[in-house]
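Just need the structure, nothing else, for what follows:
(chains A and B)
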Amino acid sequence: MDTSVIIQIVVSGAFMGLVYALVAYGFQLTFATSKTINFGQGELVMLSAFFSLTLTRLGAPYWLMVPGGLLFGALLGLFVERAAVRLALEQKSEGWILLTIILGLLGFSSAENIWGRDDHPFPTPISSDPIHVVGVDITPLEISVAVGVLGIMGLIELFKRRTLLGKAFEAVSADRDAAELMGISSTRTVMLSYALSGAVAALAGILVAPITTVGPTMASALILKAFSVAVVAGLESGFGVVVVGLFLGGLENLASLYLGSGWREAPGLLLLILALALRPNGIFGKASIRKV
Amino acid sequence: MKRFLLIRGAELVAFLLLAAVPLAVTNPFALGLLTLLAIYGILLIGLDVTVGYLGQVNLAQAAFLGIGAYTAGLLVMKLGVGLLPSLAGAFLLCLVLGSLLALPALRLEGPQFALATLSFLALTTTVLNEWESLTKGAEGLQLNRPPLFDITLNAPGFYWLCLVLLALVWMGMRNLLSSQWGRAFEALRDSPIATDAMGVGTYRHKVIAFAFGSALGGLAGGLYAFNFQYLQPQSFVYELMVILLLGVVLGGRKSLWGACVGAALIVLLPNLLSNRNLFQIFSVIGLVVALGAGTRAWLKKSVRPFQVIAPVAAMGLLALGSFLVSNTEDWRKAIFALMLFAVVVGLPEGLMGWAAGALARLFRVAAAPLPPATDLDLVLPMQALSGHTLLELRDLKRHFGGVKAVDGVSITVRSGHIHGLIGPNGSGKSTAVNVISGLYAPTAGDILLDGKALPRGSLFSVAGAGIARTFQNLQLFGELTALDNVMVALRDTYRTPWPLVLLGLARKEEKQAQAAALALLQLVGLGDQALSKAKDLTYGAQRFLEIARALARKPRLLILDEPAAGLAHPDAVELVKIIKRVHGRGVTMILIEHHMDVVSELCDTVTVLDGGRIIAEGDPEIVKRDPKVVEAYLGAMAAEAPAVDTGASTAPAAA
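Presented below is the predicted three-dimensional model:
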């Protein structure tokens, strides 16, 4: 096959991979503070996209729709934290896994019934006419994905390093008990991380919706790949998820080219199981020391 | 005996009733439901092994159902294999795949494990869909139910087959779970580290449990295939998995009855949802139950407000929805979600867990009496006090990054001695014993037991070599009784191979194990609390239980890691007596301790560590007066307080 076609396919897959990276980054945010992740994060992506679509249909301009969608995502994140995570954290149990799965199912069913089971196009002012850059076609839409993903990740990293609240976030991530003793409320910090994670998921939904259209199942494949990215990269490294996301996005487009489109999920899933077998803490993660 | 009869009797009656149904009822629909009940019963018993006993969220069981179904179907259609061989094939393939998945996945805990199994489920669906040459993909696979030994099975016949298999699985599982295997499964959920340190391979047991549970999924899959005689990949997806979890959690974890009650629920749910009036009645009943249980718990103040409010809100939403929504089928997933949410938060032990508690209060059947304790000489044989070198550390080092926790330590422990290891906090005592016992691999240096190199960096292998230990931060199996805690660790006791265990032929061995464990409990003065849960014992008793458990290993060398930490004075006195009694059996010990009076009274030799190095060694009375020791170990406090008090005041900080 023509090399330029292959490169083209890998590049557009890589842009998609950035979305996986963004959702995976959302997992990292909550994992850092509470060692939990939201198994219903895909539904959060989808619900926020539907909400943003409704805002647009009600006549909200793009610049208003985006923050509206992010706010909605953050609120959903807070709800998940309150309803599914906090009790389990207080009891030091792993009930949160089941509870976040349950909330995801509830969200999925609600979306099916409120917005219907069909896929809807997502209007966007950003053009999808390709621009020719060094032999590869790139659309402004894809560029907007890259800018959005890297932009929000950069902002959150800056927030964590430069503001007092962000440093509290880092402190709780490093050692929850010690942070509590220093007067930082770990409950509030976990809430903050879930709100941020929800907003990040909402942005992923808004960025990806014009490409995939909006429907109840829009995120069910995406979320599996975000899980893969998070596990393969490790649940600590923000840089890692971007690298692995780009790689996986390209890889799955190649798989669908050579093996058939039904197989496009397979490399990510295999990669995840392999990564768990070979490097349980991820490529960019650190091994933890067992203590007694 | 009465308890035994009651439980076995209830099981027998339940199965006989189920078996008699086709004689009275000819309605094919009802028979179909019962057949499904038996199939899902097997499936959920398998799922309960990981979810209940290992305490891990397993999202792969739906995949094993699918793999089992397709395996059995293809064996019949492509190879013309008979009914029982194809079921065996489904069982075996899932056993193999389950172990293969378990090998990487079970090194992980919690979320990573759930993710690995979720990926496996998605991967299975992909393969079933895309491998069209074999599975016919989305079009579906048509198959015929083969005859059983030339007998063509009609609907009641197939139902009886499913029921017989369920009964076999039930019996095998009950025998397995009440043997040392079941105890090990529960132990490793409470403390994987201690399970390894007691010579019971955590990882091996996890893999076996998961593979076995998966194989049951495969068996259920085979029956599923012969029941429906038509298979589609989209039957075995995430949604089914959530429903299966609903069944296990709602029925009650760690319970065969619970799995079958859960299976009944799964089978009845679709019918419940299709009838609106029935659904309204049930959701209102659910709300009333949630309100009643919530109010009761609220008044007793036994739970957090969230545990009362959340289930009531969920059931309220369900009841409200049942009147507002016209088509309940459309909201199926939301209905599952609300029910599951209310149960997980409000009734975590499930229906059968709750019912078992209520029945136990109602009938008050005494537990089976314990056999008389074995003679201690058989459980913990006298070891000769030879005084030769038992354990030798040569220039042992363990560094964590730049921190030299242990930095070139050489110690000789003589057989029959109690060797004290003391030093201020952070001096490397705990790291040293963690390296010896295999929790950490040494960075450099040698560890020799009887002149032979000790395995490095594996708690399990070191335990096998004859070293047992206790933990500074208690690592008991909290949900197990004191007796079970000791029984988990018993060495050279369980010899019956697992096929015989499944058949229930290990009862005698079990009694012997109880008698041996009881002897050890009596040695540490806990003979009368043998049936209390470890987590309900007093703090002092928990420390003594750790010693009894370690002794069950018949250790050549026993490491006691700060056994007196946090003990009140009477308990500390009792501890000294226990250690002397154990020493009287000729057991060599390494004793890490802060209480100087305890050290002086017990130890033959003392090694003092500071900053990861040895600063003094020898007779405790002489070492205590060594100026270097006074400076390093007692530090600034030496001027203000005598040595004995220093020990008492630093111990809680270390614990």
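
tell me which element the closest residue to A:Ala178 other than its chain neighbours falls in.
Leaving aside its sequence neighbours, A:Ala178 sits nearest to A:Ala171 (CB to CB, 6 or more residues apart in numbering or on different chains; 7.5 Å). To be clear about C-beta, it is placed using only N, CA and C from the backbone, and glycine gets the same treatment. Counting by DSSP states H and E, the secondary-structure element that holds A:Ala171 is helix A:164-174.

That helix packs against which elements?
helix A:3-34, helix A:140-162, helix A:176-181, helix A:186-212 (3 or more CB pairs under 8 Å, 6 or more residues apart in numbering or on different chains; DSSP states H and E).

Contacts made by that helix with the rest, please.
A:32-33, A:158-161, A:178-179, A:182, A:184, A:186, A:189-190, A:192-193 (CB atoms under 8 Å, 6 or more residues apart in numbering or on different chains).

where in the stretch 351-500 of chain B is pLDDT low?
Counting by pLDDT under 70, the ranges of the stretch 351-500 of chain B that qualify are B:364-367.

And the helices in it?
Assigned by DSSP state H, counting those that start in this stretch, the helices in the stretch 351-500 of chain B fall at B:376-379, B:429-436, B:459-465, B:482-489, B:498-502.

I'd like those helices laid out as a markdown table, including distance to chain A and mean neighbour count.
Formatted as a markdown table, the helices of the stretch 351-500 of chain B follow (distance: least, CB to the nearest CB, whole Å; neighbours: other CB atoms under 10 Å in any protein chain shown):
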| stretch | distance to chain A | mean neighbour count |
| --- | --- | --- |
| helix B:376-379 | 26 | 15 |
| helix B:429-436 | 7 | 26 |
| helix B:459-465 | 9 | 21 |
| helix B:482-489 | 16 | 27 |
| helix B:498-502 | 26 | 16 |
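
Could I get those in JSON lines, plus columns for distance to B:Ala263?
Conversion of the helices of the stretch 351-500 of chain B to JSON lines gives the following (distance: least, CB to CB, whole Å):
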{"stretch": "helix B:376-379", "distance to B:Ala263": "43"}
{"stretch": "helix B:429-436", "distance to B:Ala263": "45"}
{"stretch": "helix B:459-465", "distance to B:Ala263": "36"}
{"stretch": "helix B:482-489", "distance to B:Ala263": "28"}
{"stretch": "helix B:498-502", "distance to B:Ala263": "21"}
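
For the stretch 551-655 of chain B, just list every one of the helices.
Ranges of helices in the stretch 551-655 of chain B, per DSSP H, counting those that start in this stretch, are B:569-584, B:596-602, B:620-625, B:627-629, B:643-654.

ranking those by burial, who's on top?
helix B:596-602 (a mean of 19; mean count of other CB atoms under 10 Å in any protein chain shown).

Dump that helix to PDB, restricted to CA.
Output in PDB follows, covering the C-alpha atoms of helix B:596-602 (Å, rounded to 0.1, in the frame of the first residue of the first chain):
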ATOM      1  CA  MET B 596      14.200  -3.100  77.600                       C
ATOM      2  CA  ASP B 597      12.900  -5.100  80.600                       C
ATOM      3  CA  VAL B 598      11.400  -7.600  78.200                       C
ATOM      4  CA  VAL B 599      14.700  -7.800  76.300                       C
ATOM      5  CA  SER B 600      16.800  -8.200  79.400                       C
ATOM      6  CA  GLU B 601      14.600 -10.900  80.800                       C
ATOM      7  CA  LEU B 602      14.300 -13.000  77.600                       C
END
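
Run the chain-centre distance for it.
Its chain's average C-alpha position is 37 Å from that of helix B:596-602, according to CA atoms, centre = their mean, to the nearest Å.

Could you do stretch B:520-537 as well?
Mean-position distance between stretch B:520-537 and its chain equals 20 Å (CA atoms, centre = their mean).

Ramachandran angles for B:Tyr230?
Here is the backbone geometry of B:Tyr230 (degrees, to the nearest 10): phi -160, psi 130.

Quickly list what it is bridged to.
Bridge pairing for B:Tyr230 (DSSP bridges) gives the partners B:Gln142.

Contacts only, for it.
B:Tyr230 touches B:Gly140, B:Leu141, B:Gln142, B:Leu143, counting by CB under 8 Å, 6+ apart.

The third one reaches B:Phe228, doesn't it?
No. With contact defined as CB atoms under 8 Å, B:Gln142 and B:Phe228 do not form a contacting pair (10.3 Å).

Looking at chain A, which residue is nearest chain B?
Per CB to the nearest CB, A:Ala277 is where chain A lies closest to chain B, at 3.1 Å.

since we're on the closest residue to that residue other than its chain neighbours, how many residues are nearby?
Leaving aside its sequence neighbours, A:Ala277 sits nearest to B:Pro104 (CB to CB, 6+ apart; 3.1 Å). When counting by other CB atoms under 10 Å in any protein chain shown, one arrives at 17 neighbours for B:Pro104.

got any ranges where the chain has weak pLDDT?
I'll assume chain A. By pLDDT under 70, the weakly predicted segments of chain A are A:1, A:286-292.

try again with chain B
Residue ranges of chain B with pLDDT under 70: B:1-4, B:105-109, B:364-367, B:633-655.

what secondary structure does the most centrally placed residue in it sit in?
By CA atoms, centre = their mean, chain B has its centre lying nearest to B:Glu186, at 2.3 Å. Three-state call for B:Glu186 (DSSP: H, G, I helix; E, B strand; the rest coil): helix.

any idea how far it lies from B:Val13?
To B:Val13, B:Glu186 is 28 Å away according to CB to CB, to the nearest Å.

What of B:Ala263?
Counting by CB to CB, the gap from B:Ala263 to B:Val13 is 18 Å.

Between the two, which has more neighbouring residues?
In terms of neighbours (other CB under 10 Å), B:Ala263 is the more surrounded of B:Ala263 and B:Val13; the figures are 26 against 10.

what comes up buried for the host helix or strand of the more buried one?
When elements are assigned from DSSP H and E, B:Ala263 belongs to helix B:256-274. Buried residues in helix B:256-274, counted by 16 or more other CB atoms under 10 Å in any protein chain shown: B:256-267, B:269, B:273.

ok, so of those, who is nearest chain A?
B:Leu273 (12.3 Å).

residues touching the closest one, list them.
By CB under 8 Å, 6+ apart, the neighbours of B:Leu273 are B:Phe279, B:Thr328, B:Glu329, B:Arg332, B:Ile335.

End to end on stretch B:378-396, go ahead and measure it.
Using CA to CA, to the nearest Å, the end-to-end distance of stretch B:378-396 comes out at 36 Å.

and that stretch, which residues are buried?
Within stretch B:378-396, the residues scored as buried using 16+ other CB under 10 Å are B:Val379, B:Leu380, B:Leu390, B:Leu391, B:Glu392, B:Leu393, B:Leu396.

how does chain B divide into domains?
B:33-274, B:386-480+B:538-654 (automatic domain parsing).
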